[in-house]
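> following is a predicted model, sequence given first.
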Amino acid sequence: DQKLTKPVPYGPDVTAGKHHVHVFAPGYFDYDQDVQAFENTVTPVNADLREKPARLVLDAQANAAVSIDGRFAGTTPLSAAIQLPAGRHLVVVTKNGYKAFTQEVDLKRDDKRTVAVKLDSSGQRIVADSLFISAAGAAVVGGVFTGVALVEQGKASDLNNQRGGAGLTEQDADDYDFYKSARNRWATVAGVAYGVSAASLLTGIVFFAFDQPTVNLPPDRFEQNPSPSPKNQRPRL
């Protein structure tokens, strides 16, 4: 058979018999059909082309939740590109501890688009991290003061052990009282440092645990388009 390529609508004169119809267009899946043509007869072919979906690839850090037009689409890293119909779509990527990422993309049929997703740390997560650092620093300070208190305790214990031997001089007794007082003073400071560390740690845990992103969307983003009035509807054949 002679191969003819013409734009549709197209109605060529063909010989009676079996013919193969192949219809194609950019952004659509090809349509193929075998048609039996008869003499002096018009044989219509309804080639209903299906649109090829667009493909969306997200370059984002792991364990982020992805939603497209308000519907959950998966968790990064995604195993494959997200297939979407042509048109405008709202992409939202969220992860605890980070500000929500939102971007509207306009996709064409059979288009492949890569979107680089940059997630910025939330203010609450920054505060939580600062509290964790403060807790660690206060714990270190408490450990240092505890060590100093133990040193003073050791000096007082050495003098106290002399009571059973040669005894303590007046100067030794004064030193013993001084070491005990210093031990208590440093132990109190260490206790305060440990308290600050515990408070910072607990507060940081609360900030960390409840740090969930908030997505602010336009109020009419997902409103459905109103149906056309009957007078604007075209008749069906």
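Done, it's in. Numbering: from 1, shown residues only.
> how about the nearest residue to the residue positioned nearest the centre of the chain, chain neighbours excluded?
In the chain, the C-alpha nearest the mean C-alpha coordinate belongs to A64, at 2.7 Å (C-alpha atoms, centre = their mean). Counting by C-beta to C-beta, 6 or more residues apart in numbering, K95 is the residue found nearest to A64 once chain neighbours are left out, at 4.2 Å. Heads up, the C-betas are built off the backbone N, CA and C, glycines and all.
> what of D111?
For D111, the spatially nearest residue (C-beta to C-beta, 6+ apart) is A54, at 4.4 Å.
> so what's that neighbour bridging to?
Counting by DSSP bridges, A54 is bridged to L84.
> isn't it right next to L84, touching?
Yes. At 5.1 Å, A54 and L84 qualify as touching, with contact defined as C-beta atoms under 8 Å.
> between these two, which contacts overlap?
L107 (C-beta atoms under 8 Å, 6 or more residues apart in numbering).
> for Q61, grab phi and psi.
As for Q61, its main-chain torsions (degrees, to the nearest 10) stand at phi -70, psi 160.
> same question for N184.
Backbone torsions of N184, given as degrees, to the nearest 10, read phi -60, psi -40.
> and the pLDDT at it?
As predicted, N184 sits at a pLDDT of 91.
> what about it, distance to D172?
N184 is 19 Å from D172, where distance means C-beta to C-beta, to the nearest Å.
> look at those two and report which has more neighbours.
D172 (16 against 13; other C-beta atoms under 10 Å).
> on the three-state scheme, the more buried one is what?
Three-state assignment for D172 (DSSP: H, G, I helix; E, B strand; the rest coil): helix.
> could you do V115 as well?
strand.
> tell me the contacts of V148?
Going by C-beta under 8 Å, 6+ apart, the list of residues near V148 reads W186.
> confidence score at it?
On the pLDDT scale, V148 gets 91.
> hang on, it in a helix?
Yes. Judged by three-state DSSP, V148 forms part of a helix.
> next, count neighbours for the residue nearest to A64.
The local packing of K95 (other C-beta under 10 Å) involves 22 other residues.
> do F178 as well
If we define neighbours as other C-beta under 10 Å, then F178 has 14 of them.
> quick one: it is in a helix?
Yes. Per three-state DSSP, F178 lies within a helix segment.
> quick one: the helices in the protein, in order.
123-161, 170-209 (DSSP state H).
> select, out of those helices, the one closest to L107.
Closest of those to L107 is helix 123-161, at 32.1 Å (criterion: C-beta to C-beta).
> any weak-confidence spans in this structure?
1-6, 8, 163-168, 217-237 (pLDDT under 70).
> again, 80 this time
Applying pLDDT under 80 to the chain flags the ranges 1-13, 159-170, 172, 210-212, 214-237.
> distance of V144 from A193?
Counting by C-beta to C-beta, the gap from V144 to A193 is 8 Å.
> related to what we said a few turns ago, who has more neighbours, A54 and L84?
Using other C-beta under 10 Å, the more surrounded residue of A54 and L84 is A54, with 23 against 19.
> how much space separates the more buried one from T94?
Counting by C-beta to C-beta, the separation of A54 from T94 is 22 Å.
> what of V117?
Using C-beta to C-beta, V117 is found at 10 Å from T94.
> find the residues that touch each one of the two.
By C-beta under 8 Å, 6+ apart, V117 and T94 have these common neighbours: A64, F101.
> now what about stretch 88-99, what contacts it?
By C-beta under 8 Å, 6+ apart, the residues outside stretch 88-99 that reach it are 56, 58, 60-61, 63-70, 76, 100-107, 115, 117, 119-122, 124-125, 128, 208, 211-213, 215, 217, 221.
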